[in-house]
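> Give me a model of this one.
(2 chains)
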There are 2 protein chains.
Amino acid sequence: MLATTGFLDELFDKGLLIETGVDGIYGRSGLFEEIGDGFQNLVTRYAGTDNAEVVRFPPAMSRAVFERSGYMKSFPQLAGTIHCFHGDGAAHLDLMQTIEANGDWTKGQTASEVVLTPAACYPLYPTAAKRGPLPAEGRLYDLLSYCFRHEPSRDPARQQMFRMREFVRMGTPDQVTAFRADWLDRGQKLIAEIGLPFSVDVANDPFFGRTGKMLAVNQRDQRLKFELLIPIESEASPTACLSFNYHQDHFGKTFGLETAGPETAHTACVGFGHERVILALLKHHGTDVKAWPAAVRKALWG
Amino acid sequence: MLATTGFLDELFDKGLLIETGVDGIYGRSGLFEEIGDGFQNLVTRYAGTDNAEVVRFPPAMSRAVFERSGYMKSFPQLAGTIHCFHGDGAAHLDLMQTIEANGDWTKGQTASEVVLTPAACYPLYPTAAKRGPLPAEGRLYDLLSYCFRHEPSRDPARQQMFRMREFVRMGTPDQVTAFRADWLDRGQKLIAEIGLPFSVDVANDPFFGRTGKMLAVNQRDQRLKFELLIPIESEASPTACLSFNYHQDHFGKTFGLETAGPETAHTACVGFGHERVILALLKHHGTDVKAWPAAVRKALWG
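A predicted model of the protein is given here:
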């Protein structure tokens, strides 16, 4: 039986996570990062000879690309736009007086040309499309970046800034659905190898509002999203640690991505919640990493 | 003789950096990241047996802490605040109509409780102060994070989102100035080992406005900041790749950080511009990494 509270406090007490004064924004200890490195190496091992092209985007992306992506239509409540000060000396004096008077100085900030990356793959699609039509075998990318979702929470598995590893497959419907089926299998083997209990289920994204409810139903009906769930904060509501998504032609149409055909490319991705898997390991094997089962340590660190 | 233009285009052509449509926001290739990993391992080797405490903060931090830090007083032009949508279904409908009409939808975004991290050490000071007075030997931290500075530029060494490795020393004035002197020496040896030309000079931060000019003069007069400079984009204006900063009691006073004394703690840091060193290596040794001098490859990858 897992405790349903207190895990975050335990992580703070052991120094694995470090409080910063904001729920969902935490420092990570060196040990926490070593667990993460071990997990990433394991994911790379499971990717085997897939020969994915490694690309690493920073945690912010073009606002113009973000607007085209449709993210604000589906998930406006989670997005973060980056705003800056564009004023002169007089405006700066005003700003400083407002801060000193504990006033709201942020109203003077205006939107920059960048927003926070909401999922590792968002910056990829337009850059991939710019390379021209896909080769006949399609393409496969290996991504990892910090992502932002504005959902302050005391559940350590629901952070505002977290890392996501992603493999993204682009090609024909057959190519990308085969990729997803493959990773649905690999993902379960990987999580079993590190000794974690899990289930796999059809799922939906947290679409916003009333229209969003219909989008969610549609997504489930078409089985476009599967999640590998592991109990972390709650046994009743296990946490999605891996997700397997078939986007159909959504990104292909939006960003003009074409197959060799040429037809509109389909895309699929598998995403790994970096912090979530680390937290699952700490929850199930304990915070004394040296006492973890030998097989788990071997899987992570060889 | 270094070319003063075209380096960014060369990096794009070779696929080392990937355009995203915004100056200073680039994807990195797997090879670019491998060079960076090699450099970080080398830094860790030079840190030797210092036994710094490893902490990794995400690229966003508490806005309340940021306000206290004084960053908006000194560098308002560089900061990025994170704004979110807090509206209901009707507000969302408005938002979507504004986006579709190419209007400015960002005005409806309101400030969240987080801002982008401007330098790797900013989130550290309050969390360090919360642990109580420093032990007699002071403390040493090892940090690395993505940072944001709003200065769009075509100079690849001036990115809006970039990584900074930092060692931060907290203690008495003697302890922290000895640390800085030590790293001034180590830093030069490290850069010499990877075959890069450099100079070291007293420097100042880019303080904002007219008052800022006085702050800059004061910082130079007191020799509070040194930089290790390497020509990258321009030979005439070499780029600061490492910086060695003595903050005196600025952060100690601001965040209530005390020595064992107890007196207000002094702090110093050495910062490594992760991307800048990678770019310096590519500039001086060429983009064909396999053809780099054997000694440089050995320093980076053993």
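> Going by C-alpha atoms from here, please, whenever you check contacts or count neighbours.
Will do.
> tell me the domain boundaries of chain A?
The record's domain parsing of chain A by automatic domain parsing lists A:7-80+A:118-301, A:82-116.
> following the longest helix belonging to chain A, which helix or strand shows up next?
In chain A, with assignment by DSSP state H, the single longest helix is helix A:173-193. Counting by DSSP states H and E, the next helix or strand C-terminal to helix A:173-193 is strand A:199-202.
> Could you name the helices and strands sitting against that following strand?
strand A:225-230 (3 or more C-alpha pairs under 8 Å, 6 or more residues apart in numbering or on different chains; DSSP states H and E).
> Between helix A:173-193 and the strand it packs on, find me the angle.
Angle, strand A:225-230 to helix A:173-193, by axes from the mean of the first three to the mean of the last three C-alpha atoms, to 10 degrees: 0 degrees.
> which helices and strands does strand A:225-230 pack with?
With contacts taken as 3+ C-alpha pairs under 8 Å, 6+ apart, strand A:225-230 sits against strand A:199-202, strand A:239-248.
> hang on, the earlier thing: mean neighbour count, the domains of chain A: which tops it?
domain A:7-80+A:118-301 (a mean of 19; mean count of other C-alpha atoms under 10 Å in any protein chain shown).
> hmm, back to that, out of the domains of chain A, which gets nearest to residue B:201?
With distances scored as C-alpha to C-alpha, the stretch of the domains of chain A nearest to residue B:201 is domain A:82-116 (29.1 Å).
> Now do the closest one, average pLDDT.
Averaged across domain A:82-116, pLDDT comes to 95.
> which residues of chain A score low on pLDDT?
A:1-5 (pLDDT under 70).
> what are the ranges of the strands in it?
Taking DSSP state E to define them, one finds strands in chain A at A:17-22, A:25-29, A:53-56, A:60-62, A:81-84, A:110-116, A:139-148, A:161-171, A:199-202, A:225-230, A:239-248, A:266-273.
> Make CSV from those and add distance to residue B:231 to it.
Converted to CSV, the strands of chain A look like this (distance: least, C-alpha to C-alpha, whole Å):
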stretch, distance to residue B:231
strand A:17-22, 37
strand A:25-29, 34
strand A:53-56, 25
strand A:60-62, 27
strand A:81-84, 29
strand A:110-116, 28
strand A:139-148, 29
strand A:161-171, 33
strand A:199-202, 53
strand A:225-230, 49
strand A:239-248, 44
strand A:266-273, 39
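> Return the distance of residue A:84 relative to residue B:81.
Note on residue A:84: its distance to residue B:81, by C-alpha to C-alpha, to the nearest Å, is 6 Å.
> Export the domains of chain A as a markdown table, with columns for distance to residue B:163.
Formatted as a markdown table, the domains of chain A follow (distance: least, C-alpha to C-alpha, whole Å):
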| stretch | distance to residue B:163 |
| --- | --- |
| domain A:7-80+A:118-301 | 9 |
| domain A:82-116 | 16 |
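> So for residue B:71, which of the strands of chain A sits nearest?
strand A:81-84 (13.0 Å).
> Any idea how far that closest one is from the middle of the chain?
21 Å (C-alpha atoms, centre = their mean, to the nearest Å).
> ok, back up a step: make JSON lines from the helices and strands packed on strand A:225-230 and add distance to residue A:122 to it.
Listed next are these as JSON lines, based on distance: least, C-alpha to C-alpha, whole Å:
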{"stretch": "strand A:199-202", "distance to residue A:122": "22"}
{"stretch": "strand A:239-248", "distance to residue A:122": "12"}
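> what's residue A:111 in contact with, if anything?
Taking C-alpha atoms under 8 Å, 6 or more residues apart in numbering or on different chains, we find residue A:111 in contact with A:81-84, B:106-107.
> If residue A:168 is in a bridge, with which residues?
residue A:141, residue A:269 (DSSP bridges).
> Distance of it relative to residue B:227?
For residue A:168 relative to residue B:227 (C-alpha to C-alpha), the value is 41 Å.
> can you check residue A:264 too?
Residue A:264 is 51 Å from residue B:227, by C-alpha to C-alpha.
> what do you get for residue A:298?
Distance from residue A:298 to residue B:227, by C-alpha to C-alpha: 43 Å.
> same question, residue A:119
Residue A:119 is 36 Å from residue B:227, by C-alpha to C-alpha.
> if we can go back for a sec, now for the longest helix of chain A, which elements pack on it?
Checked by 3+ C-alpha pairs under 8 Å, 6+ apart, helix A:173-193 has helix A:30-47, strand A:161-171, strand A:239-248, strand A:266-273, helix A:294-301 packed alongside it.
> One more pass at 7 Å, please.
Contacts defined by 3 or more C-alpha pairs under 7 Å, 6 or more residues apart in numbering or on different chains; DSSP states H and E place helix A:173-193 against strand A:239-248, strand A:266-273.
> Distance to residue A:44 for the ones you listed - can I get that in a markdown table?
Below are these laid out as a markdown table (distance: least, C-alpha to C-alpha, whole Å):
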| stretch | distance to residue A:44 |
| --- | --- |
| strand A:239-248 | 15 |
| strand A:266-273 | 12 |
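> Looking at the ones you listed, which is nearest to residue B:282?
Per C-alpha to C-alpha, nearest to residue B:282 of those: strand A:266-273, 31.7 Å.
> what's the closest one packed up against?
strand A:161-171, helix A:173-193, strand A:239-248.
> Measure how it sits relative to strand A:161-171, angle-wise.
If you take the same axes, to 10 degrees, strand A:266-273 sits at 150 degrees to strand A:161-171.
> For the residue sitting furthest away from the middle of chain A, which residues are in contact?
Going by C-alpha atoms, centre = their mean, the residue of chain A most distant from its centre is residue A:90, 41.1 Å out. Going by C-alpha atoms under 7 Å, 6 or more residues apart in numbering or on different chains, residue A:90 touches no other residue.
> Around chain B, which positions in the stretch 201-302 of chain A sit nearby?
residue A:209 (C-alpha under 7 Å from any C-alpha of the partner chain).
> Could you check how far the residue lying closest to residue A:241 once chain neighbours are set aside is from residue A:239?
The shortest distance from residue A:241 to any non-neighbouring residue, by C-alpha to C-alpha, 6 or more residues apart in numbering or on different chains, is to residue A:273 (5.1 Å). Using C-alpha to C-alpha, one gets 10 Å for the distance from residue A:273 to residue A:239.
> same deal with residue A:299?
22 Å.
> got it, and residue A:119?
Counting by C-alpha to C-alpha, the gap from residue A:119 to residue A:239 is 17 Å.
> who does the closest residue to residue A:272 other than its chain neighbours bridge with?
Distance criterion C-alpha to C-alpha, 6+ apart; nearest residue to residue A:272, sequence neighbours excluded, is residue A:242 at 4.6 Å. As for beta bridges, residue A:242 partners with residue A:228, residue A:272 under DSSP bridges.
> show me the contacts for the residue of the stretch 201-302 of chain A found nearest chain B.
Of all residues in the stretch 201-302 of chain A, the one sitting closest to chain B is residue A:209 (6.0 Å; C-alpha to the nearest C-alpha). By C-alpha under 7 Å, 6+ apart, residue A:209 lies in contact with residue B:89.
> now the one 10 residues further on
With contacts taken as C-alpha under 7 Å, 6+ apart, residue A:219 has the following neighbours: A:204, A:225.
> what are the bridge partners for residue A:148, then?
Residues in beta-bridge contact with residue A:148 (DSSP bridges): residue A:161.
> correct me, but it touches residue A:118?
Yes - when contacts are counted by C-alpha atoms under 7 Å, residue A:148 is listed as touching residue A:118 (5.2 Å).
> just checking, the residue nearest to residue A:272 touches residue A:225?
No - assessed by C-alpha under 7 Å, residue A:242 is found out of contact with residue A:225, at 10.6 Å.
> Brilliant, that's me finished.
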